[in-house]
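Chemist: Let's see this in three dimensions:
(chains A, B, C and D)
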There are 2 protein chains.
Amino acid sequence: MVQQAQSTLGDVAKAAGVSLATASRVLNGTASVGPALRDRVKRAAERLAYSPNAHAQALARSSSRTVGVICHDVGDPYFAGIARGVMRAANRHDLQVVLGSTFRDPDREAAYTSMMRGHRVCAMLLIGSGFEDRERQEGLRRELDRYRATGGRVAVISRHRGLRADAVLPENREGAADLARALLGLGHRRFAVLSGPPLLSTVVDRVEGFLEALADAGVTVEREDIVEAPSPVTAVTRPLSGSSAAVCAPPASSPRPTSWPRVRSRPCAT
Amino acid sequence: MVQQAQSTLGDVAKAAGVSLATASRVLNGTASVGPALRDRVKRAAERLAYSPNAHAQALARSSSRTVGVICHDVGDPYFAGIARGVMRAANRHDLQVVLGSTFRDPDREAAYTSMMRGHRVCAMLLIGSGFEDRERQEGLRRELDRYRATGGRVAVISRHRGLRADAVLPENREGAADLARALLGLGHRRFAVLSGPPLLSTVVDRVEGFLEALADAGVTVEREDIVEAPSPVTAVTRPLSGSSAAVCAPPASSPRPTSWPRVRSRPCAT
DNA sequence: CTGTTAGCGCCTTCAG
DNA sequence: CTGAAGGCGCTAACAG
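Modeler: Numbers count the residues shown, from 1 in each chain, chains lettered A, B, ... in the order given. As a prediction, this is how the structure comes out:
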């Protein structure tokens, strides 16, 4: 099979015997064009199997209707569920979506953000726990600030540490504290904590909230009774989210108890 | 906050006191540049928070490392799982992914394919059952053929009807037939079929396979005993895949029995 | 209404 | 090793 070249607007215009501008106009409905010409253009476009080059358009218009979505892992039901909502919204608003799965690698996350900045996405959505990594976190903040400085919008879910952005935040710390208090109320006094990888902020938050609430009641947990699962639990049919092994908060992907998680929506001052 | 303009390669070049070409070269590592200039360019780029415009690049290079993925619904564990694998592969090969969820709307599917053609993705992946719709199916075929004619690669999962493309195909018909025979072997003689929406090819295939196997044994199913769930079953915590209500094949998202599904991988002659 | 003409931001020969 | 210039495909003023 021969690799034909994609036909361009110029080709269409020529084939229709009109100017480039006219062709562009009818194909975009930008301005009214005589029925005769319009018809010829449309016919030519169809005949040449014309498909407007989105890059050229984006460049010429210097804008594009695409948003970037970055999550830890679309395969995770938690993220998949959110992604689903994003896709529905995208459909509704006729937006394109470029997706990134970091697989919980902070470097990959950084790579994605800059790649999306390069793509000039009009908005960026970061979903999932941040990382406990001073330097990288700082780098991310800078990158996002640059992005916002040139008109980009960024929103985050479940991460807040030093990111100036619209955010929806599950109250991990509070939720874990509630759990601790509930357990205390039941009369328990000795605890062990099975937590997730401590490089995830959400994990740290939950453990801290849990321990603090205990501490307030004069209960302490032995260091050795806090065990950290090095990575998401995968010994199940479907991978669970990063912190699913944390006993101090239900897995994000489990059915949401009536009162959990409490979510705080924090708009970002522009 | 003021909406600053993104700085361009030109800006960087000017700030570094070099030509556009040189700036381009150091930023792309395309050719060797004197250490002095190289340093000035890099510094300028950093200072200006330069981010190469991907669209401009794609246009100039007339190529881009992005692939398109279209599925029925990323929120569905079945598709989420596949998407996960796609993302991993994309990461490995440094490919960008633009994602589409059709929510089982054939029109939206068509919109996505042409949108991705416009984006000049280097490959397109269609995941999930096709639709039983002569006309639309034909339209899709034409669109994909045009895409392939200009160098595009297309692969499909779980759909075959008249699409010339690399494919991995679960053997719905055969699997359903197997099930029927197994049931017959158990001594059953009266059947009812709870199936999915009949506009999905996979559903039709399964039902047909099931009924045919029964027919071969001289067993028929009353028309009224074949009930079609109009849409995917959603009365569960997580949405199941389109055909999950079909009794003649396990839901795609359920743990895979040792011997199911049988998958056929059909490479596409180029 | 229709055509001409600049760019959009970057890459890439082609000379020097 | 470095710079100048043409072009990628399309849009958006401007003139007719």
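Chemist: Helix or strand next in line after the helix or strand harbouring A:Ala15, which one?
Modeler: Per DSSP states H and E: A:Ala15 is located in helix A:9-16. Remark: after helix A:9-16, the chain's next helix or strand is helix A:20-28, criterion DSSP H and E.
Chemist: Count the residues that sit near whatever residue of chain A ends up closest to DNA strand C.
Modeler: Closest contact between chain A and DNA strand C, by C-beta to the nearest atom of the strand, is at A:Gly34 (2.8 Å). C-beta coordinates here come from the backbone N, C-alpha and C atoms, glycine included. A:Gly34 has 11 neighbouring residues, counting by other C-beta atoms under 10 Å in any protein chain shown.
Chemist: B:Ala180 versus that one, what's the distance?
Modeler: 62 Å (C-beta to C-beta, to the nearest Å).
Chemist: what does A:Gly152 give?
Modeler: Distance, A:Gly152 to B:Ala180, using C-beta to C-beta: 56 Å.
Chemist: So the two - more neighbours on which side?
Modeler: Neighbours per residue (other C-beta under 10 Å) separate A:Gly152 from B:Ala180, with B:Ala180 holding more: 25 against 19.
Chemist: wait, doesn't that one sit right on B:Leu214?
Modeler: Yes. Assessed by C-beta atoms under 8 Å, B:Ala180 is found in contact with B:Leu214 at 5.2 Å.
Chemist: Find the residues that touch each one of the two.
Modeler: Common contacts of B:Ala180 and B:Leu214 (C-beta atoms under 8 Å, 6 or more residues apart in numbering or on different chains): B:Phe191.
Chemist: related to what we said a few turns ago, what about the helix holding A:Ala15, near DNA strand D?
Modeler: Yes. Judged by C-beta under 7 Å from any atom of the strand, helix A:9-16 and DNA strand D are in contact via A:9-10.
Chemist: So that helix, near chain B or not?
Modeler: No. Helix A:9-16 lies out of reach of chain B by C-beta under 8 Å from any C-beta of the partner chain, never closer than 12.1 Å.
Chemist: Let me see the contact set for the residue of chain A most remote from its centre.
Modeler: Here the centre of chain A is the reference, and by C-alpha atoms, centre = their mean the most remote residue is A:Ala36, at 46.8 Å. Counting by C-beta under 8 Å, 6+ apart, A:Ala36 touches no other residue.
Chemist: Would you report the backbone torsion angles of it?
Modeler: phi -60, psi -60 (degrees, to the nearest 10).
Chemist: What ranges does the stretch 51-200 of chain A have for its helices?
Modeler: Taking DSSP state H, counting those that start in this stretch to define them, one finds helices in the stretch 51-200 of chain A at A:54-61, A:77-92, A:106-118, A:134-149, A:172-185.
Chemist: Okay, buried residues for the shortest one please.
Modeler: Buried residues in helix A:54-61, counting neighbours by 16 or more other C-beta atoms under 10 Å in any protein chain shown, are found at A:54-59.
Chemist: Stretch A:76-87 now?
Modeler: A:76-84, A:86-87.
Chemist: do the same with stretch A:109-119
Modeler: Buried positions in stretch A:109-119, judged by neighbour count with 16+ other C-beta under 10 Å: A:109, A:111-119.
Chemist: Establish whether it and chain B are in contact.
Modeler: Yes. On the criterion C-beta under 8 Å from any C-beta, stretch A:109-119 is in touch with chain B at A:114-115, A:117-119.
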